[in-house]
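[1] Show me the folded form of this:
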Amino acid sequence: MQKTALVTGVTGQDGSYLTDLLLKTQYKVYGLVRRSSTPNKENIDKYIDHPNFIPFYGDLTDINSILTVIQDTHPDEIYNLAAQSDVRISFDVPVSTGDTNALGVMRILEALQSLKIKSKFYQASTSELFGKVQETPQKETTPFYPRSPYGVAKLYAYWAVKNYRESYPDFFGCNGILFNHESPLRGENFVTRKITKAVGKRIMFPKERHSPIELGNLDAKRDWGHAKDYVRGMWLMMQQDEPDDYILATGETHSIRELVECAFASINEEVMWGGSGLDEKGYNGKGELLVTINPDFYRPAEVDLLLGDPSKAEKKLNWKREYSFTDTIEEMVQHDTLM
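    Below you'll find the predicted structure:
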């Protein structure tokens with residue numbers, strides 16, 4: 001019998017790659033699309049005419065739309081990827097971030113209980129749970145210390161899934177604690193895409209005068225992987241006999257500074273740094289200004305280092321990543337030179 005999956009956040013980076021994987025695995029995919037005043041379906045346009053892809057309009061802040069889509073579809077698997085996903089913006093809109101990222105998850109869990117539908121449930125969790133890290137590398141057993149409204153809301157969702165799993169024996173729910181993962185489909189508000197898009201423009205318009213990239217904390221270190229590898233890990237979690245929580249990460253960390261250098265190296269430009277603190281700047285060999293610091297891009301509470309240990313997922317799920325850090329950044333720059 002054909003498997004069915006409901007994917008919330010289907011128009012985002014992960015939603016698009018997961019939809020592609022599921023359709024190739026012969027699933028019928030129901031995609032939850034949030035209505036907005038501006039079109040937001042670019043990432044799924046290629047699936048609209050696919051016979052096994054059916055979009056539904058709904059919102060995690062609206063319990064009625066959640067009840068309707070679950071009752072109408074009775075999915076075998078639910079992948080909750082919908083979120084207000086900008087950590088910096090979460091400081092500006094903490095209440096709405098909590099409504100979507102925390103209470104939105106509770107609405108899905110309660111809908112499943114009230115409808116008595118036995119869907120397997122995947123919650124997209126995040127390395128931001130670790131925030132002010134208590135040990136390095138971070139493992140599934142590492143204590144949490146979120147440092148943003150985004151992280152706090154995601155922690156609520158994490159514990160909600162774990163609580164329902166322990167409270168209701170027939171509930172299959174797992175948390176995927178995913179470290180940073182990027183791709184050409186990454187939103188332009190994320191620092192990785194902001195950098196690769198700016199570098200790509202230098203190739204597309206070589207004769208134009210380009211504004212420098214404005215960045216925040218160049219020394220913040222993250223564990224960056226590729227979204228394609230990580231959505232495969234999500235799917236593997238849902239194919240297990242017993243639910244559990246897993247970290248997906250690369251096991252290596254790179255600073256924003258290194259990311260900048262990698263992106264420019266892909267177009268054969270070397271970045272040379274001068275100054276310090278807020279006055280630090282990056283130049284190329286011709287003396288052109290490439291990078292400046294904007295204090296507005298610093299978070300009120302910084303997360304300095306995130307480094308994940310994926311050994312549990314590698315052992316129990318047989319999960320292996322195919323993309324290196326350099327592979328990922330070079331692919332993004334190449335994509336952004338063709339736009």
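
[2] biggest helix in this protein by residues?
    Taking DSSP state H as the criterion, the chain has its longest helix at helix 149-167.

[3] per-domain residue ranges of this protein.
    Per the record, the chain has its domains at 4-183+224-252+305-323, 191-220+255-303, by automatic domain parsing.

[4] Those: which one's closest to Ile329?
    Proximity to Ile329 (Cβ to Cβ) singles out domain 191-220+255-303 among the domains of the chain, at 4.7 Å. Using the backbone N, CA and C atoms, a C-beta is placed for each residue, glycine as well.

[5] could you point out where the protein is predicted with low confidence?
    36-40, 339 (pLDDT under 70).

[6] how about 80 then?
    In the predicted model of the chain, residues 35-41, 206-209, 339 satisfy pLDDT under 80.

[7] can you map out the helices along the chain?
    Under the criterion DSSP H, helices of the chain are mapped to 13-24, 63-73, 87-90, 94-98, 104-115, 149-167, 191-204, 227-238, 256-265, 311-316, 325-336.

[8] Out of the domains of the chain, flag the one nearest Leu338.
    Using Cβ to Cβ, the domains of the chain put domain 191-220+255-303 closest to Leu338, at 7.9 Å.

[9] Can you give me the end-to-end span of that closest one?
    Distance across domain 191-220+255-303, first residue to last, is 14 Å (Cα to Cα, to the nearest Å).

[10] Can you give the distance from it to the centre of its chain?
    Taking Cα atoms, centre = their mean, to the nearest Å, one finds domain 191-220+255-303 lying 22 Å from the centre of the chain it belongs to.

[11] Which strands and helices lie in contact with the longest helix of the chain?
    Applying 3 or more Cβ pairs under 8 Å, 6 or more residues apart in numbering; DSSP states H and E, one finds that helix 149-167 contacts helix 87-90, helix 94-98, helix 104-115, strand 120-126, strand 173-178.

[12] quick revisit: nearest to Ile54 among the helices of the chain would be which one?
    Taking the helices of the chain one by one with Cβ to Cβ, helix 63-73 is closest: 8.0 Å.

[13] on that earlier part again, tabulate the helices and strands packed on helix 149-167 (TSV), appending distance to Lys46.
    Converted to TSV, those look like this (distance: least, Cβ to Cβ, whole Å):
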stretch	distance to Lys46
helix 87-90	28
helix 94-98	30
helix 104-115	27
strand 120-126	22
strand 173-178	24
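
[14] of all those, which lies closest to Tyr230?
    Across these, closest to Tyr230 is strand 173-178 (Cβ to Cβ), at 5.4 Å.

[15] got the angle between that closest one and helix 104-115?
    If you take axes from the mean of the first three to the mean of the last three Cα atoms, to 10 degrees, strand 173-178 sits at 160 degrees to helix 104-115.

[16] Convert strand 173-178 to PDB, retaining C-alpha atoms only.
    Listed in PDB are the C-alpha atoms of strand 173-178, where the atom choice follows Å, rounded to 0.1, in the frame of the first residue of the first chain:
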ATOM      1  CA  GLY A 173       7.200  10.800  17.900                       C
ATOM      2  CA  CYS A 174      10.900  11.700  17.400                       C
ATOM      3  CA  ASN A 175      12.900  14.900  17.600                       C
ATOM      4  CA  GLY A 176      15.600  15.500  15.000                       C
ATOM      5  CA  ILE A 177      18.100  17.800  16.600                       C
ATOM      6  CA  LEU A 178      19.600  19.200  13.300                       C
END
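
[17] same for it, what does it pack against?
    Checking 3+ Cβ pairs under 8 Å, 6+ apart, strand 173-178 ends up next to strand 120-126, helix 149-167, helix 227-238, strand 246-248.

[18] and the last one, which strands flank it?
    Strand 246-248 has its sheet partners listed here by DSSP bridges as strand 173-178 (parallel).

[19] List the buried residues in the partner strand.
    Neighbour-count burial for strand 173-178, counted by 16 or more other Cβ atoms under 10 Å, picks out Gly173, Cys174, Asn175, Gly176, Ile177, Leu178.

[20] any chance of those in a markdown table, plus distance to Gly9?
    Shown next, in a markdown table, are these (distance: Cβ to Cβ, whole Å):
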| residue | distance to Gly9 |
| --- | --- |
| Gly173 | 17 |
| Cys174 | 17 |
| Asn175 | 15 |
| Gly176 | 13 |
| Ile177 | 17 |
| Leu178 | 13 |
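
[21] sorry, back to before: minimum distance to Thr141: which of the helices and strands packed on helix 149-167 has it?
    strand 173-178 (11.3 Å).

[22] From the chain's centroid, how far away is that closest one?
    Counting by Cα atoms, centre = their mean, strand 173-178 comes out at 12 Å from the chain centroid.

[23] Next, the angle from that strand to helix 149-167.
    Orientation of strand 173-178 against helix 149-167 (the same axes, to 10 degrees) gives an angle of 150 degrees.

[24] returning to that earlier point: from the helices and strands packed on strand 173-178, which stretch is densest packed?
    Burial of the helices and strands packed on strand 173-178 is given as mean neighbour count (mean count of other Cβ atoms under 10 Å); strand 246-248 ranks first at a mean of 27.

[25] Now Phe264. Nearest residue, chain neighbours left out?
    Using Cβ to Cβ, 6 or more residues apart in numbering and skipping the chain neighbours, the partner closest in space to Phe264 is Val271 (5.1 Å).
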